[in-house]
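In: Predicted model and sequence follow; I will ask about them next.
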Amino acid sequence: MSDLTVAVPEEKVASTKAVVMNQVAGPEVRAESPLYHADLDSLAKQGPRKGGVRLRENKLLGHLTLRCNPNNADQLAAVERVLGMALPLQPLTSVEKGDVSIRWMSPDEWLIIVPGLKAFDVETRFRDEMDGHYSLVNGSGGSTVLELSGDNVVDMLKKSTPIDLHPSEFPVGKVVSTVFAKSTAVIRRTGEKQFELVIRRSFSDYLWLWIQDASREFGLVVDA
Amino acid sequence: MQHYSGFGLFKHSLSHHENWQRAWRNPTPKKKYDVIIVGGGGHGLATAYYLAKQFGVTNVAVIEKGYLGGGNTARNTTIVRSNYLWDEAAHLYEHAMKLWEGLSQDLNYNVMFSQRGVLNLGHTLQDMRDIERRVNANRLNGVDGEVLDPQQIKEIVPHMDCSENTRYPIMGASWQPRGGVARHDAVAWGFARGADSHGVDLIQQTEVTDLIIEDGTVVGVKTNRYGDIKADRVGCVVAGNSSVLAKKAGFELPLESHPLQALVSEPIKPVLDTVVMSNHVHGYVSQSDKGDLVIGAGIDGYNGYGQRGSFPTIEHTVQAIVELFPMFSRVRMNRQWGGIVDTCPDACPIISDTPVKNLFFNCGWGTGGFKATPGSGNVFAASLAKGEMHELAKPFSMFRFHDGALIDEHGAAGVAH
Amino acid sequence: MFHIYCPHCAEYREEEEFHASGQAHIARPLDPEACSDKEWGEYLYFRKNPRGIHHELWVHAAGCRKFFNITRDTQTYEIKEVYKIGEQPSVVAQSGNSK
Amino acid sequence: MTQKNRLQSGGRIDRSKPLTFTYNGKKFNGFLGDTLASAMLANGIDIVGRSFKYSRPRGIVAAGAEEPNAVLQLGATEATQVPNVRATQQELFNGLVSSSTNGWPSVETDLMGTIGKMGGSMMPPGFYYKTFMYPKSLWDTYESMIRKAAGLGRSPLESDPDTYDKINQHCDVLVVGGGPAGLSAALTAARSGARVIFADEQNEFGGSLLSSKETLNGAPASEWVNAVVEELRGYDNVMLLPRSTVNGYHDHNFLTIHERCTDHIADIAPAGQARQRLHRVRAKWVVLATGAHERPLVFANNDVPGCMVANAVSTYINRYGVAPGNELVLMTTNDSGYQAALDWHDAGRKVVAIVDTRQNPKGDRVEASRQRGLNLITGSAVIEVQGSKRVSGVSVAPISADGNKVTGSVSKLSADTVASSGGWSPVIHLSCHTGSRPVWNDDVVGFLPGPTVQKQLTAGAINGSYSTSTALFEGLNAGLKAVAEVGLSASEVMLPKAEEVNEGAPMTLFHIPHLKPTSQAPKQFVDYQTDVTAAGIEVACREGYESIEHVKRYTAMGFGTDQGKLGNINGMAVAAKALNKTIPETGTTIFRPNYTPVSFGAIAGRDCGALFDPERYSAMHKWHVARGAKFEDVGQWKRPWYFPKPGESMKEALNRECLATRESVGILDASTLGKIDIQGKDAREFLGRVYTNAWAKLAVGKCRYGLMCGEDGMVFDDGVTSCLGENHFLMTTTTGGAARVLEWLELYHQTEWPEMEVYFNTVTDHWSTLTISGPNSRKLLAELTDCDLSNENFAFMDWKQTTVAGVPARVFRISFTGECSYEINVQANYGMHVWEKLFEHGEKFNLTPYGTETMHILRAEKGFIIAGQDTDGSVHPFDLGMGWCVAQKKPFSYIGKRGMAREDCVREDRKQLVGLKTTDPKVVLPEGAQGVLDPKAPIPMPMVGHITSSYWSANLDRSIAMGFVKGGLNKMGEKVFYPLADGTVVEAEICSPIFLDPKGERQNV
């Protein structure tokens, strides 16, 4: 079918008059994540299984950037209706429930990550539920998630970012946008020795090269 | 003035060098001068020298709050070139270049002006377009220059990585053979000695605390050590401190003073005979006669009078140098320091009259000050002598920032230098 | 290298995450057409550039992407205060150093 | 080979681990724990180099970072050469290869030396400023001679095989210096639970305690040191960094630490290890416990090998078990110097005499010397040393109480070693780095750290507190204060009991008088490495170089690799005396980073080679590589430049790509264009303010081209913005301008118009943009979508949401080539899939991939500009002949409007962008060529403007160009001449820049 120009009923978009589209193709279409060409899967099979740093690409997720007014109770309520949890309003915090997680990015910006197939549904429901001035942007194709862990994960990160990663300064759940090598990343601590990086697609080959290099002395294990 | 020469050295060695004259006097200032120059850096001293020698104005004082040549003259990386893009800038810098070429003899002080050539590397197609554009303009303006390909560059700088397999391969370069380096301190001292010998009073360790302005006309300066000193004309040549002084005169300037950092390696045996500059990977390097690699870093983005900048600027510069010369990785950085550069929005200087009558400013040289020293002093002297701006100086009026006649040299001035 | 407190992220971050964006509190003339060339030129180019207390605009480029103001001593590089857009500085230079 | 100066016992060396090394080709032995310097002394090597200017033989004078002479070349292979390594800081390892740097043919018998002797008197400071001027033509020759003498060591000529690491650190307290003060500070801080980094430049902690025989709690000091270090090792809140020099103190307590990880193992790092690591430390508080350097005294021939700093003598004996000679004469102005003589005597060597410049010294060490029956000569000084390659004797004479003149007859003593002590200089370097000016202190006879805005504390000798007990105490207090400042409290630390040593008052004396005036006396060296003498400093002062900065620069004092650690204060004292000033009146001496030199490799870290700068790729990059594309660097992006077929030249490839696109269909990967999603009810108004043209009426489903200017009216970016929904737009920017434009929009929104309801978000990486262009592009697209592509439904400058090759897509019918053209945007994860599908179906249409070069040619045929190539920040829309893109009636005075109305911007004769046709159609003007109206005019030739874009157009079978010409828009048909570097002149005619399809029909087909 063609002409899906309007994906949701006219009155619904009235609030923002923004268009939403389901950007996900059917299963018959091959989707290539940013690190597709690094062929991490075969590295996971043939590569070393011991090492101080472990890496896994959590690929093809739905990345949604929400911009809205943290002082607008109605909008906050709408978010809770859609996502089943409240927006983290404290700077540099994140919340997670099931397969949905929300990261504070700036006083009026949050990064919501959902399963890839859920993105359109969540977008649509936002347009249904939320009124007033806000924006919701699908960036799923533009970034990917790297899960980093291991005994030396902090040592590797310290070579790459000036952020203080000491547990007293960077507890589990904290999230920061910062410089990473000569690129940027959103870094979130998911465990004592476990971090999540959200990186930009066009920089991913460079960062993959960097992480391999920075992990060399500890040994890098790739997980599927 | 005692003449300097090899024979003189020999003669003095017989008397154990006990009879050398002072290079300049240490006078107490008079009550009034025809011209007072505020700022005893290279430009100020050159201005005084040419005022006295070429324009016969000898009743001149240079007032310096610290010691002669203690500002950017003492802190720059000594590169001299004149291959600027726009006519106005090219003519001004070429005027300076011609003076450089006879300066040691003119001053009877060896400023060690060494025309070892300057390379500006191009790493992208747009770099090469800009280089072609500039070199063509230089040629037609009478400034020497040519465009070189990587092979020719390799012949001039055999140790540089001119291969294809770098992040930003060198695609070519502009080459000004007459460019080079000079001994920065000697330039200030040579001009000081010359000015002094023509009767100019050099007043050191004396700060100009204010300008004396009577109904819109400057009539003198206030100093911390000698009280008021009167003058018919006042020329301010205080680089990074220009805004501070202009404020005392009641106006603002289109200037921002930024830290500009530089560094030197330990002295090593000669391996680099020319000046190499790259806007794109952002670094430039030459080797001094003492053997140090003299390396210029970028300008820090914030205003600063602290004569130091931020470490990442140093890191990026050193990365650029190692990228161009991988073998320097094991050579060691000895010292780093910073200067204060007063930068204009169009990367060109201000040589100008001001809203205050008989008050003139020479500033805003950004990273281009040292190479212009004789030319800057020469045209400023001419302007102060006549009370009206020299032809070469006219385009550099501070008022161009009102009518919009800017001279955008960011391309040519791309890297801090 | 500066250590800058971001008023939006509410913590100190390294200078590498920020860009300096020049003098703060330069309001765009409300009616540009009414400005003379001189006035427009001064809005565009002429700056205080003080030695000492300076109010400047920075952006947390690699962080929250928000602009904010810093009061900094351009001599010692000491950061006196950090405040959000729309707020006024509490630290100002005596005897018009920064005016 | 036997180590003739090695003591039978003692020292911290491991005699069970012998090592061999070579110096100037000869093999020698040493032990684990030796420095290269201690091993050289053990082997009786006197001469370690030749001096820079006079080429005099030089020996080791110190034992640490302050050593000026023992600066050697290291490295077993070409690639691992390291110039200027200080032997006193280089740990010995097996197979170490070293050589002296200057001296020809050898340091032992050096010809330059004789020249130095003869020519020396002709080389006063600054002699080169006074000569080599005439004749002018000979300067190059003179200079090449000067350069021959330049430098110490040499650079390797091969690339470095090693890697260098960089790591970011954060801590509550950084303790700099592992001596008694540092140890007690670190211990105190550590016990409080604070995050502590403890760094010392040496291989083990302990500082001065390692090189003395003193006791703590009655036991050897090293026992306490070991206990403390053991405890610190046990804390996980403490990071111990031996072999790590804190070399730079930057703003806001940012410091850099240079750690030598493998330099003590071999001259190439073991596989997988970094040779060195740079720690970038952000510390809440810093404790400087950097100690002090002993000052040698300045006397005649004080540079003859065998002359050493007193404390160095003790260090070599106590720490390395080496007595660097047999017969010692000690000259001192203070009590601490005596220790060298005591240690020498206790080592069983002969102390010829202790020459004390004070009239009647008293103090514990003086007494101890008397008890040992040492020959104590008071009120006297060593005024001259005999010997050339090694001290053979000294001349001793009584001096006046003020130390300014010789008052009695000279007696000669035989000796092979002269130790001297002129007191101590606190190591204040780091505290100077952030701009704090040091303060002179008469009691300390040295400079102390000045006031600072940094969160900095100091303890021990850096404060002039030289006794171990005070150092321990100050360290404790610094530790307590630091942890209190970070909100922690430390449990009390019990300090060990140090020996109490009573000291008499020191004498303030730097420069020892001689029978002859300084100018005529044998050379009295102040700065060894740069060959600066007391006489030289006097000459400088005499000539009017009075500020200490002038003196330093004129004489080069302090400009060596040791940065004058030994010489600066002595030099200032000599200058002060010559100028009848006090030392503080002469000025202060400012130190800059680095404290000691740091490898460029360590500063570069891993950001070199493949990691020098990111390479940004689109989702189809691998396809381009497989197709053999040549790439162009655009910002950090790697963009396909052109796609040559095997054996095809660039020109052939471009002609093929251009023709194929205009004749059938070509495809461009346009993913790198910046894309910004704009939402909000004020989005439309905002666009109107940042673009020069009108946006009020752009309907949903439509696209429009826009120009962006600065407030100065000069163009800085351009692109197409599409109306997705009533309040929803997608803006595209140039590839290079993406980040800048987004920050520009945010700047105005956040600081000028915060009331406007609009949000900006980058989606550059999210969308892959596949642009198919050419008469067959519609047919091709039709095979992959069921969207109605007819002009009626999908006109030029429309966009549609549809599916392409089974992938949801936004298709924009916009054209940068002038052909019927579709920009297909799909989520980047599907970019490759759609790209490949297009090629499956495109074969029959000869679908041709093209890169940036063909894109440039095709747009130039249409006269479209490229911001950044046809603009340079100094041209406004009217200069570009794009007045049509400037709205005059918009109510809001948009950015750029006022700027382009300034006096200079409305001049008639501004340079304006026009098309240019060369008279000879086969000639392609070089981009950057400068145009003139009269090619015969003399230099300087008046120029009218340059060529910005110039190509061979296969479609038009001729060359085309765009360029600036003064008043060009009113000069259609007139001629401009381009004088080229090769002397030829190209003639061209001014024309419209639209060379092809002026009516713009092709894009509407």
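Out: Noted; the coordinates are in hand.

In: so the spatially most central residue of chain B is in which element?
Out: Closest residue to the average C-alpha location of chain B: B:F370 at 1.4 Å, with Cα atoms, centre = their mean. In the assignment (DSSP states H and E), B:F370 maps to helix B:369-386.

In: Please report how far the residue nearest to the centre of chain B lies from chain A.
Out: 31 Å (Cβ to the nearest Cβ, to the nearest Å). To be clear about C-beta, it is placed using only N, CA and C from the backbone, and glycine gets the same treatment.

In: What of D:L96?
Out: 25 Å.

In: Looking at that residue now. What's its pLDDT?
Out: On pLDDT, D:L96 comes in at 98.

In: Quick check: beta-bridge partners of it?
Out: According to DSSP bridges, the partner residues bridging D:L96 are D:F21.

In: What's the mean pLDDT across whatever helix or strand comes next after the helix holding B:F370?
Out: Next along the chain after helix B:369-386, taking DSSP H and E as the criterion, comes helix B:400-403. Averaged across helix B:400-403, pLDDT comes to 96.

In: State the number of residues packed around the nearest residue to D:A79 once chain neighbours are set aside.
Out: Of all residues not flanking D:A79 in the chain, D:E158 sits nearest, at 3.9 Å (Cβ to Cβ, 6 or more residues apart in numbering or on different chains). Close neighbours of D:E158, defined as other Cβ atoms under 10 Å in any protein chain shown, add up to 14.

In: So D:E158 versus D:P597, what's the distance?
Out: D:E158 sits 21 Å away from D:P597 when distances are taken as Cβ to Cβ, to the nearest Å.

In: Equivalent analysis for B:L272, please.
Out: B:L272 is 18 Å from D:P597, by Cβ to Cβ.

In: With C:I4 instead?
Out: 30 Å.

In: repeat for B:T217
Out: From B:T217 to D:P597 the distance is 54 Å (Cβ to Cβ).

In: quick one: the helix holding B:F370 near chain D?
Out: No - for helix B:369-386, no contact with chain D is found by Cβ under 8 Å from any Cβ of the partner chain; the gap never falls below 15.1 Å.

In: Grab the CA positions of that helix and hand them over as PDB.
Out: Extracted C-alpha coordinates of helix B:369-386, given in PDB (Å, rounded to 0.1, in the frame of the first residue of the first chain):
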ATOM      1  CA  GLY B 369      52.200  39.800  14.700                       C
ATOM      2  CA  PHE B 370      55.900  38.700  14.800                       C
ATOM      3  CA  LYS B 371      56.200  38.300  11.000                       C
ATOM      4  CA  ALA B 372      54.900  41.800  10.500                       C
ATOM      5  CA  THR B 373      57.100  43.500  13.100                       C
ATOM      6  CA  PRO B 374      59.300  45.700  10.800                       C
ATOM      7  CA  GLY B 375      56.400  46.500   8.400                       C
ATOM      8  CA  SER B 376      53.900  47.200  11.200                       C
ATOM      9  CA  GLY B 377      56.400  49.500  12.900                       C
ATOM     10  CA  ASN B 378      57.300  51.200   9.600                       C
ATOM     11  CA  VAL B 379      53.700  52.000   8.500                       C
ATOM     12  CA  PHE B 380      52.700  53.000  12.100                       C
ATOM     13  CA  ALA B 381      55.700  55.300  12.300                       C
ATOM     14  CA  ALA B 382      54.800  56.900   9.100                       C
ATOM     15  CA  SER B 383      51.200  57.400  10.300                       C
ATOM     16  CA  LEU B 384      52.300  58.800  13.700                       C
ATOM     17  CA  ALA B 385      54.800  61.100  12.000                       C
ATOM     18  CA  LYS B 386      52.200  62.600   9.600                       C
END
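
In: Could you name the helices and strands sitting against it?
Out: strand B:32-38, helix B:42-53, strand B:79-80, helix B:87-100, helix B:184-197, strand B:227-236, strand B:350-353, strand B:359-363 (3 or more Cβ pairs under 8 Å, 6 or more residues apart in numbering or on different chains; DSSP states H and E).

In: Go again with 6 Å.
Out: If you count contacts as 3 or more Cβ pairs under 6 Å, 6 or more residues apart in numbering or on different chains; DSSP states H and E, helix B:369-386 packs onto helix B:42-53, helix B:87-100.

In: Can you give me the buried ones in that helix?
Out: Under the neighbour-count criterion of 16 or more other Cβ atoms under 10 Å in any protein chain shown, helix B:369-386 has B:369-385 buried.

In: Quick one: list the elements packing against the host helix or strand of D:D172.
Out: Following DSSP H and E, one finds D:D172 within strand D:164-176. Counting contacts by 3+ Cβ pairs under 6 Å, 6+ apart, strand D:164-176 is packed against helix D:180-191, strand D:196-199, strand D:276-288.

In: Let me know whether D:N102 touches D:R50 as I believe.
Out: Yes - with contact defined as Cβ atoms under 6 Å, D:N102 reaches D:R50; the gap is 4.2 Å.

In: Please enumerate the helices of chain A.
Out: A:10-13, A:40-46, A:73-83, A:119-129, A:153-158, A:204-215 (DSSP state H).

In: How about exporting the last one as CSV, limited to the C-alpha atoms?
Out: Which is helix A:204-215. The C-alpha coordinates for helix A:204-215 follow below in CSV (Å, rounded to 0.1, in the frame of the first residue of the first chain):
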residue,chain,number,x,y,z
SER,A,204,30.7,3.1,15.2
ASP,A,205,33.5,1.7,13.1
TYR,A,206,35.9,4.1,14.6
LEU,A,207,34.7,3.4,18.1
TRP,A,208,34.9,-0.4,17.5
LEU,A,209,38.5,0.1,16.4
TRP,A,210,39.2,2.2,19.5
ILE,A,211,37.6,-0.2,22.0
GLN,A,212,39.5,-3.1,20.5
ASP,A,213,42.7,-1.1,20.9
ALA,A,214,41.9,0.1,24.5
SER,A,215,41.0,-3.5,25.5
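
In: Can you list the buried residues in it?
Out: Within helix A:204-215, the residues that count as buried by 16+ other Cβ under 10 Å are A:204-211, A:213-215.

In: Any part of that helix near chain B?
Out: No - legend: contact between helix A:204-215 and chain B by Cβ under 6 Å from any Cβ of the partner chain is lacking; minimum distance shown is 10.6 Å.
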